[in-house]
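> Compute the structure for the input listed below.
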Amino acid sequence: MAAARRSTTGLWSLVLAGVLWGTGGPTGSLLAHETRLAPLAVAAYRLAAGGMLVLVWLCLTRQPLPRGRRAWGRIVVNGLLAAVFQACFFAAMARTNVSLATLITIGASPALVLSAEGIAGRRRVSAAMLATVALAVSGLVLLVGAPAGGIATTNALIGAGFALLSAAGFATMTFIGTRPVAGLNDLTATGVSFAIGGAVLAPEAIMTSGMDFVPTPTSVGLLLLLGTAPTAVAYALYFRGLRTTAAGTAALIALLEPLVATLLAALLLGDRLSSTGLVGAGLITAAIVLDTRGTHH
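Numbering: from 1, shown residues only. Purely as a prediction, here's the structure:
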């Protein structure tokens, strides 16, 4: 009974993480518009702000920092993986466009995680599971839309390569997250990891585009919002959910991010959601419900 309750709590933690991630795109877009920062600089600020906010909270509540080689090893690895998938996603976006980068990165993640689970013998990959992933990715294609033409073949191939690297970074973090380290608190792990990730991305952002912006109440408010809900809180919930949920299911639930981001863009930023986009949203939702019901039962 207790295990079933933990499993349900884990699933809801992942769903909430996916919903909160969906607020990251619109918030990041508004921050970039307000500050004129390049996407990589926004990513560096996002990780750094999320990390620092958690560290301040840990200091105020006098929580001890993690101890032991395994705990710090996991923190450093997660920080580097976060930097890799953020940097590679924006590199893919620069070579292609947002829709193609999103499509490959988020679409490939569940397939990569499922493959890793099958190879490692953690989960028997059934035909039903493959069909669910195919349903979700089909929904993603309809939601995001076919990438616009005009991208040179070389740029398309290089961009796709960066998007796959980004997917591999996120998939690796998901895969190792299902084996929690004893004594490592989810919030602490998120905070220290992202402070490291932000520190890794910052020099690259400074050299390529700069990180200077005028701190107005709006820009600072947007940065704090970006660092809190879709970063610190969302990833802490994601790591908590991974404790009791299969990595493949978690990666599939992550498809809530583009779904929520698209709906918010339609509601708040005036973007038009097409009928194919609505069908895609329905397919993603159906795939997540089918997979989580199968996992729970």
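
> Could you pull out the buried residues of the longest helix seen in the chain?
Ranked by residue count, the top helix of the chain under DSSP state H comes out as helix 69-95. Neighbour-count burial for helix 69-95, counted by 16 or more other CB atoms under 10 Å, picks out 71, 74-75, 78-95. In short, each C-beta sits where N, CA and C put it, glycine included.

> same thing with stretch 106-115?
106, 107, 108, 109, 110, 111, 112, 113, 114.

> Nearest to residue 216, out of these: which one, please.
Among the buried residues of stretch 106-115, residue 106 lies closest to residue 216 (CB to CB), at 32.0 Å.

> Just confirm the closest one contacts residue 143, I think it does.
No - look at residue 106 against residue 143 with CB atoms under 8 Å: they stay out of range, at 10.0 Å.

> okay, and the common contacts of the two?
By CB atoms under 8 Å, 6 or more residues apart in numbering, residue 106 and residue 143 have these common neighbours: residue 258.

> what ranges do the helices span in this protein?
Under DSSP H, the chain gives helices at 2-22, 24-35, 39-60, 69-95, 98-120, 127-144, 153-177, 186-208, 217-227, 234-242, 247-253, 256-268, 275-296.

> what's the average pLDDT for the longest one?
For helix 69-95, the per-residue pLDDT values average out at 91.

> so where is the stretch 101-250 of the chain shaky, pLDDT-wise?
Applying pLDDT under 70 to the stretch 101-250 of the chain picks out residues 146-150.

> buried stuff in stretch 157-165?
158, 159, 160, 162, 163, 164, 165.

> Of those, just say which sits nearest to residue 39.
residue 162 (12.7 Å).

> Now do the contacts for residue 228.
50, 53.

> So that it lines up with my notes, have the first residue be 593 from now on.
I'll keep to 593 as the first residue from here, and by that count the last item is residue 820.

> Just give the closest residue to residue 869, not the sequence neighbours.
Distances taken as CB to CB, 6 or more residues apart in numbering place residue 735 nearest to residue 869, at 5.3 Å, with adjacent residues excluded.

> count of residues packed around that neighbour?
27 (other CB atoms under 10 Å).

> Make sure residue 748 is actually in contact with residue 688.
Yes - with contacts counted by CB under 8 Å, residue 748 reaches residue 688, the gap being 6.0 Å.

> Give me the more crowded residue out of the two.
residue 688 (25 against 15).

> so how far is stretch 774-781 from its chain's centroid?
19 Å (CA atoms, centre = their mean, to the nearest Å).

> what comes into contact with that stretch?
646, 649-650, 655, 657-660, 662-663, 666-667, 670, 773, 824, 828-829, 831-832.

> what do you get if the cut-off is 7 Å, keeping everything else the same?
With CB atoms under 7 Å, 6 or more residues apart in numbering as the test, stretch 774-781 has contacts from 646, 650, 655, 658, 660, 663, 666, 667, 670, 828, 831, 832.

> Need the winner for burial among the helices of the chain.
helix 839-845 (a mean of 28; mean count of other CB atoms under 10 Å).

> Can you name every helix or strand that that helix contacts?
helix 594-614, helix 690-712, helix 745-769, helix 867-888 (3 or more CB pairs under 7 Å, 6 or more residues apart in numbering; DSSP states H and E).

> other SSEs contacting the shortest one?
In other words, helix 594-614. helix 826-834, helix 839-845, helix 848-860, helix 867-888.

> Export those helices as JSON lines, with columns for distance to residue 811.
As requested, these are exported to JSON lines (distance: least, CB to CB, whole Å):
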{"stretch": "helix 826-834", "distance to residue 811": "21"}
{"stretch": "helix 839-845", "distance to residue 811": "31"}
{"stretch": "helix 848-860", "distance to residue 811": "18"}
{"stretch": "helix 867-888", "distance to residue 811": "30"}
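
> Not counting its neighbours along the chain, what's nearest residue 617?
Using CB to CB, 6+ apart, the nearest residue to residue 617 is residue 853, at 3.9 Å.

> ok, that neighbour touching residue 618?
Yes - under the criterion of CB atoms under 7 Å, residue 853 makes contact with residue 618 at 6.3 Å.

> how close does residue 790 get to residue 684?
20 Å (CB to CB, to the nearest Å).
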